[in-house]
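S.K.: Sequence below, structure please.
(2 chains)
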There are 2 protein chains.
Amino acid sequence: MRVIETIKEMQMFSESVRMEGKKIALVPTMGYLHEGHMSLMREGRKLGDCLIISIYVNPTQFGPSEDLDKYPRDFERDEALAQSVGVDVIFYPSNQEMYPDYYQTYVNVEGVTRNLCGLSRPGHFRGVTTVCAKLFNIAKPHVTVFGKKDFQQLVTIKRMVADLNMDLEVVGLSTIREPDGLAMSSRNTYLKKDERESALSLSRSLKRAKKLYDHGERNAAAIIKDMRTFIEGHPYTTIDYIKICDTVTMEDVATIEREAVVALAVRVGLPRLIDNYVFGEPLKL
Amino acid sequence: MRVIETIKEMQMFSESVRMEGKKIALVPTMGYLHEGHMSLMREGRKLGDCLIISIYVNPTQFGPSEDLDKYPRDFERDEALAQSVGVDVIFYPSNQEMYPDYYQTYVNVEGVTRNLCGLSRPGHFRGVTTVCAKLFNIAKPHVTVFGKKDFQQLVTIKRMVADLNMDLEVVGLSTIREPDGLAMSSRNTYLKKDERESALSLSRSLKRAKKLYDHGERNAAAIIKDMRTFIEGHPYTTIDYIKICDTVTMEDVATIEREAVVALAVRVGLPRLIDNYVFGEPLKL
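M.R.: The predicted structure is shown next:
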């Protein structure tokens, strides 16, 4: 396994792999790898002849009051985990390499980023799409793998790739959960012991939403109200949003008719956690 | 010579050319080819094993009150001209192919697009960078060739390519002029006979600016004042801007110290014409 820190070297490596007719899979990450990432990397290992992951805590997707500085990092541990699933290259650039002096170009996906986390975190998706556009140009993948936990992110990346005609496939994988149902996230490490129990209210509220839906409920407000009441019954929780959206436009729906997702963001103590469920799909909890 | 109308076919063609180890040169155009384009295509022919040009009047770079609908078009003539310089492929997509339903992604270069045409034509450069990002992803060139007549456009494209780590080279070529000095432009065809003479005031004012500079003048206001007075002495002219800018930041300079460009936009009758001169370079008039 190689660790590549410069853009030029990464591009030369990827170009030579492509010229050999081999297929490149890329898994972009911010490091502090957990089972969710492992699942993405294992899928990338299956999809590509060459598996590249990037580890980069991208400053442009953090707001000024967010947790950029204290975002958890442990490169040595990440290296060992990557090695264990057969990663070929870790791309591990510095901020100066990614955003040098005079940097001034941003990719904006407009419609699907307006709602949900786009409302709560202005500029977040602009940072995500910009860094992903860069990473795709640097690692030159044929296929890239993202998790469905960040559902709006996945929709946004797919939209960017389609709109800008990036010639690569975007694969979305199911959320990986702790045995008790908590969605895997690097931010779970912020949870104090007594907050951990309250954090389960997110996935459990999704289970309630699924049950209501499966029993025929199609009114978005009724499902949201049930979830809100349930989550508010747990200490340390502050709801940022609970919304039911069309999976194509990411706009709120009043009645579930086409494919819809219920997505929520809840602060539990310090960390802001997100989770979601696409109605009609299985929910392993 | 092939004409390709779909993105998928263009990408498959380019990918197969790249896999053969051949170098692709791309010349993006809006058609209605003139000697300026011919010069770009001849250079592209030299630089690439495979020469692709695109002909696409890109709606997203026109403002609502601009000349999108009456922009001159003549595909058969363009085809013959492209053939004559040895173009391998004309990429000739429809609007529906380039901007299908739900289209919502834009590339913004911020700093260098603020001044000059960015002030006069809000959204223009966003359209230019977006369509170029798309064309680069579609035609997959190793090198792309632009004219220096659209100086701010060239700086903006170079900025985007560097910032987003697009793995291609951007070559800028000198402006091609009519024998009397008028910079070649598809929009020259709008000029009525008596406006044609007044249009020469643009290039002649640049010649005056060069002379002042060569005699030691470094005060931007003094050079601009001379040019303004000169151009205003010609009928049918309405000056949009005359500015002297740093070629890296495209910000106005008061005194010419680092590399600077004098750029101007002048309406002559109907058409809005642009021209520029980088101080210290030759000016063939």
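S.K.: mind listing what's buried in stretch A:235-243?
M.R.: Going by neighbour count (16 or more other CB atoms under 10 Å in any protein chain shown), the buried part of stretch A:235-243 is A:236-237, A:239-240, A:242-243. Quick note: C-beta positions are derived from backbone N, CA and C, even for glycine.
S.K.: Next: stretch A:96-115.
M.R.: A:97-99, A:103-109, A:111-113, A:115.
S.K.: Of those, just say which sits nearest to A:Val17.
M.R.: Among the buried residues of stretch A:96-115, A:Glu97 lies closest to A:Val17 (CB to CB), at 20.4 Å.
S.K.: Just the closest of the buried residues of stretch A:235-243 to chain B, please.
M.R.: A:Lys243 (19.2 Å; CB to the nearest CB).
S.K.: That closest one against A:Ile223, yeah?
M.R.: No. Counting by CB atoms under 8 Å, A:Lys243 sits too far from A:Ile223 to count as a contact (10.4 Å).
S.K.: show me the contacts for the closest residue to chain B within the stretch 1-150 of chain A.
M.R.: Nearest residue of the stretch 1-150 of chain A to chain B (CB to the nearest CB) works out as A:Thr105 at 3.5 Å. A:Thr105 is in contact with A:130, B:107-110, B:129, B:159-160, B:163-164, counting by CB atoms under 8 Å, 6 or more residues apart in numbering or on different chains.
S.K.: In strands, which of those residues fall?
M.R.: B:107-109 (DSSP state E).
S.K.: Now narrow those residues to whatever sits close to chain A.
M.R.: Filtering the ones in strands among the contacts of A:Thr105 for neighbours of chain A using CB under 8 Å from any CB of the partner chain leaves B:107-109.
S.K.: In JSON lines: the buried residues of stretch A:96-115, plus pLDDT.
M.R.: Formatted as JSON lines, the buried residues of stretch A:96-115 follow (pLDDT from 0 to 100):
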{"residue": "A:Glu97", "pLDDT": "98"}
{"residue": "A:Met98", "pLDDT": "98"}
{"residue": "A:Tyr99", "pLDDT": "98"}
{"residue": "A:Tyr103", "pLDDT": "98"}
{"residue": "A:Gln104", "pLDDT": "98"}
{"residue": "A:Thr105", "pLDDT": "98"}
{"residue": "A:Tyr106", "pLDDT": "98"}
{"residue": "A:Val107", "pLDDT": "98"}
{"residue": "A:Asn108", "pLDDT": "98"}
{"residue": "A:Val109", "pLDDT": "98"}
{"residue": "A:Gly111", "pLDDT": "96"}
{"residue": "A:Val112", "pLDDT": "97"}
{"residue": "A:Thr113", "pLDDT": "97"}
{"residue": "A:Asn115", "pLDDT": "96"}
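S.K.: one step back: looking at the ones in strands among the contacts of A:Thr105, spot the one nearest A:Lys284.
M.R.: Nearest to A:Lys284 out of those is B:Val107 (CB to CB; 38.8 Å).
S.K.: Surely the closest one is in contact with A:Leu164?
M.R.: Yes. Shown here, B:Val107 and A:Leu164 form a contact pair, counting by CB under 8 Å, at 7.5 Å.
S.K.: picking up where we left off before, and which of the contacts of A:Thr105 is nearest B:Thr247?
M.R.: B:Arg159 (11.6 Å).
S.K.: My guess is A:Lys22 contacts A:Cys50. True?
M.R.: Yes. In terms of CB under 8 Å, A:Lys22 counts as a neighbour of A:Cys50; the distance is 5.5 Å.
S.K.: Looking at the two, which is more packed in?
M.R.: Set A:Lys22 next to A:Cys50 and count neighbours by other CB atoms under 10 Å in any protein chain shown: A:Cys50 wins out with 22 against 13.
S.K.: Check the spacing between the more buried one and A:Tyr32 real quick.
M.R.: 24 Å (CB to CB, to the nearest Å).
S.K.: Likewise for A:Thr238?
M.R.: Per CB to CB, A:Thr238 is found 24 Å from A:Tyr32.
S.K.: Equivalent analysis for A:Gln104, please.
M.R.: Distance from A:Gln104 to A:Tyr32, by CB to CB: 29 Å.
S.K.: cool, and A:Ile223?
M.R.: On the measure of CB to CB, A:Ile223 and A:Tyr32 end up 33 Å apart.
S.K.: Those two - which one has more neighbours?
M.R.: A:Ile223 (24 against 20).
S.K.: Can you spell out which helices and strands pack onto the host helix or strand of the more buried one?
M.R.: Per DSSP states H and E, A:Ile223 falls inside helix A:220-232. Using 3 or more CB pairs under 8 Å, 6 or more residues apart in numbering or on different chains; DSSP states H and E as the contact test, the elements touching helix A:220-232 are helix A:193-214, strand A:237-246, strand A:260-268.
S.K.: now for these, which one comes closest to chain B?
M.R.: strand A:237-246 (11.5 Å).
S.K.: Other residues contacting the closest one?
M.R.: A:115-116, A:119-120, A:198, A:201, A:205, A:220, A:223-224, A:227-228, A:231-232, A:251-253, A:256, A:258-268, A:272.
S.K.: could I get the helices and strands packed on helix A:220-232 as a markdown table with mean pLDDT?
M.R.: Formatted as a markdown table, those follow (pLDDT from 0 to 100):
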| stretch | mean pLDDT |
| --- | --- |
| helix A:193-214 | 97 |
| strand A:237-246 | 98 |
| strand A:260-268 | 98 |
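S.K.: Give the next helix or strand downstream of the strand or helix carrying A:Leu135.
M.R.: Assigned by DSSP H and E, A:Leu135 belongs to helix A:124-139. Sequence-wise, the next helix or strand downstream of helix A:124-139 (DSSP H and E) is strand A:143-147.
S.K.: the inter-axis angle of that next one versus helix A:124-139?
M.R.: If you take axes from the mean of the first three to the mean of the last three CA atoms, to 10 degrees, strand A:143-147 sits at 150 degrees to helix A:124-139.
S.K.: What helices and strands are in contact with strand A:143-147?
M.R.: Partner elements for strand A:143-147 (3+ CB pairs under 8 Å, 6+ apart): strand A:24-29, helix A:35-47, helix A:151-163, strand A:169-173.
S.K.: again, only this time at 6 Å
M.R.: Strand A:143-147 sits against strand A:24-29, helix A:35-47, strand A:169-173, with contacts defined as 3 or more CB pairs under 6 Å, 6 or more residues apart in numbering or on different chains; DSSP states H and E.
S.K.: Of the ones you listed, which stretch is the most buried?
M.R.: Counting by mean count of other CB atoms under 10 Å in any protein chain shown, strand A:24-29 has the highest mean neighbour count of the helices and strands packed on strand A:143-147, with a mean of 26.
S.K.: Show me what that one is packed against.
M.R.: Contact analysis of strand A:24-29 by 3+ CB pairs under 6 Å, 6+ apart lists helix A:35-47, strand A:50-55, strand A:143-147 as its packing neighbours.
S.K.: Please enumerate residues in contact with the first one?
M.R.: Meaning helix A:35-47. Contact with helix A:35-47 is made by A:25, A:27, A:29, A:51, A:85-86, A:143, A:145, A:147, A:173, A:176, A:184, as judged by CB atoms under 6 Å, 6 or more residues apart in numbering or on different chains.
S.K.: Pull stretch A:269-282 out as PDB, backbone CA atoms only.
M.R.: The C-alpha coordinates for stretch A:269-282 follow below in PDB (Å, rounded to 0.1, in the frame of the first residue of the first chain):
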ATOM      1  CA  GLY A 269     -25.000  16.800  23.700                       C
ATOM      2  CA  LEU A 270     -22.100  18.100  21.600                       C
ATOM      3  CA  PRO A 271     -22.300  16.200  18.300                       C
ATOM      4  CA  ARG A 272     -24.900  16.800  15.600                       C
ATOM      5  CA  LEU A 273     -25.900  13.400  14.300                       C
ATOM      6  CA  ILE A 274     -27.800  12.600  11.100                       C
ATOM      7  CA  ASP A 275     -29.700   9.500   9.900                       C
ATOM      8  CA  ASN A 276     -32.300   8.700   7.300                       C
ATOM      9  CA  TYR A 277     -34.600   6.100   5.900                       C
ATOM     10  CA  VAL A 278     -36.000   5.700   2.400                       C
ATOM     11  CA  PHE A 279     -39.600   4.500   2.600                       C
ATOM     12  CA  GLY A 280     -40.200   1.100   1.200                       C
ATOM     13  CA  GLU A 281     -36.600  -0.100   1.700                       C
ATOM     14  CA  PRO A 282     -35.500  -2.500   4.400                       C
END
